[in-house]
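Participant: Here you go, sequence then predicted model.
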Amino acid sequence: MRMKDGHYAMRFSADGYRGKGRFDLQDNRGEGRDDQVSIQGHLVEQGSNLTAIFNVLISPAVTGNSRLPDHYSLTMSGTSNGNSFMLIGVGPLGVIVDIDCTWIAVPETN
């Protein structure tokens, strides 16, 4: 089932950090953020399976207590059911990165 464009509630976790924020999806391009982490990239759907390539930017408040650099890219894989999706990938130094998103609203139109 195709993922819906719009706004998603996002949970991001990596190397002991857990944050909640928002992820916006439009035409398989996504951008998400919470108070400390920003991600952006492209998602590819094949049925209910997903592959994503994301750039991740982490604030100094988090990287000071983490093994991760403040900026990195990674490839993730996961699944979608149309209203939610989850992705998991391996970041620098073998750190597991996990993103879970649940659809909350349609995008605004201009």
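Facilitator: Received it, and whenever you're ready, just let me know what you need.

Participant: Which SSE is immediately downstream of the worst-scoring helix or strand of the chain on mean pLDDT?
Facilitator: Comparing helices and strands within the chain by mean pLDDT, DSSP states H and E singles out helix 60-63 as the least confident, with a mean of 72. Downstream of helix 60-63, the first helix or strand assigned by DSSP states H and E is strand 71-80.

Participant: So what are the sheet partners of that next one and their directions?
Facilitator: strand 49-58 (antiparallel), strand 84-90 (antiparallel) (DSSP bridges).

Participant: just how off-centre is the last one within its chain?
Facilitator: I take that to be strand 84-90. 7 Å (C-alpha atoms, centre = their mean, to the nearest Å).

Participant: Likewise for stretch 31-48?
Facilitator: 3 Å.

Participant: Run through who's touching the least confident helix or strand of the chain.
Facilitator: When contacts are defined by C-beta atoms under 8 Å, 6 or more residues apart in numbering, helix 60-63 is touched by residues 17, 36, 37, 69, 70. Quick note: C-beta positions are derived from backbone N, CA and C, even for glycine.
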